[in-house]
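Undergrad: pasting the structure only:
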């Protein structure tokens, strides 16, 4: 069973701080990695994709990938209350994605 | 929701009843997926269709059947609903050139 692990949280950060979300995966053959944001009662929304080792930045979001350590992270700079949501890590397994259980992020004003 | 529609949005069934969840896309993507999401369990793949005319089992296929009616539509059928199938069901689509999946708005199903 290929696994994707996330700390379920909640991760609580003050407004304006950096939120750091982490994810580990078991399949060394995985090539594509994704972060989804899911607000309560809504569907998952893709916010970041990363394919190569290193950092990828998009606005306030930075995804980091370390394939040797089988580790993916998402940094959210200048966190806002509107960032409060569950963040799902996903890793490709052939034609499919394997999802972690998600980390609930709470940004307090 | 990235050109993916799901019907119905909400449904309540009694144990043993049957129903079909519908998913349609207007993105012309090849692959379509059905997931269920339960509290504390994350998203689990039920079935997927890599392309029109093909379907494959995912992690939790028992109690479900699917039909890829055409390139646009992928339906999920519960023949005899059980309380364990109470969940939120999401349809997702993917273009064959990439691995990103895009989700529909979901169907919230309760089986009593």
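TA: Yep, that arrived. Predicted model only: the values in this text are computed from it and were never measured.
Undergrad: Run through who's touching the worst-scoring helix or strand of chain A on mean pLDDT.
TA: For chain A, the helix or strand with the lowest mean confidence is strand A:96-99, at a mean of 92 (criterion: mean pLDDT, DSSP states H and E). Residues from elsewhere that reach strand A:96-99 (CB atoms under 8 Å, 6 or more residues apart in numbering or on different chains): A:2-4, A:25, A:27, A:34, A:36, A:88-92, B:33, B:42-45, B:48, B:58, B:99, B:101. Backbone N, C-alpha and C define where each C-beta goes, glycine included.
Undergrad: Got a quick PyMOL command for the buried subset of the residues you listed?
TA: Applying 16 or more other CB atoms under 10 Å in any protein chain shown to the contacts of strand A:96-99, the buried members can be selected in PyMOL as follows:
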select buried, (chain A and resi 4+25+27+34+36+88+89+90+91+92) or (chain B and resi 33+42+43+44+45+48+58+99+101)
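Undergrad: near chain B, which residues of chain A?
TA: Applying CB under 8 Å from any CB of the partner chain, we find that chain A lies next to chain B at A:8, A:31-32, A:34, A:42-46, A:49, A:88, A:90, A:92, A:95-97, A:99-102.
Undergrad: Could you write me a ChimeraX select line covering just the buried ones among the residues you listed?
TA: The buried residues among the residues of chain A next to chain B can be selected in ChimeraX (16+ other CB under 10 Å) with this line:
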select /A:32,34,43,44,45,46,49,88,90,92,95,96,97,99,100,101,102
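Undergrad: Mind checking the pLDDT average for the following helix or strand past the least confident helix or strand of chain A?
TA: Scanning forward in sequence from strand A:96-99 by DSSP states H and E, the next helix or strand is strand A:103-108. Per-residue pLDDT over strand A:103-108 has a mean of 97.
Undergrad: that older thread, each with direction, which strands does the least confident helix or strand of chain A pair with?
TA: With DSSP bridges as the criterion, the sheet partners recorded for strand A:96-99 are strand A:85-93 (antiparallel).
Undergrad: Not counting the partner strand itself, show me its contacts.
TA: In contact with strand A:85-93 (CB under 8 Å, 6+ apart) are residues A:2, A:4, A:6, A:21, A:23, A:25, A:27, A:30-40, A:44, A:72, A:74, A:97-100, A:102-105, B:42-43, B:99, B:101.
Undergrad: how about a cut-off of 7 Å?
TA: Strand A:85-93 has contacts (CB atoms under 7 Å, 6 or more residues apart in numbering or on different chains) with A:2, A:4, A:6, A:21, A:23, A:25, A:27, A:30-39, A:44, A:72, A:74, A:97-100, A:102-105, B:43, B:99.
Undergrad: orientation of that strand relative to strand A:103-108 in degrees?
TA: 150 degrees (axes from the mean of the first three to the mean of the last three CA atoms, to 10 degrees).
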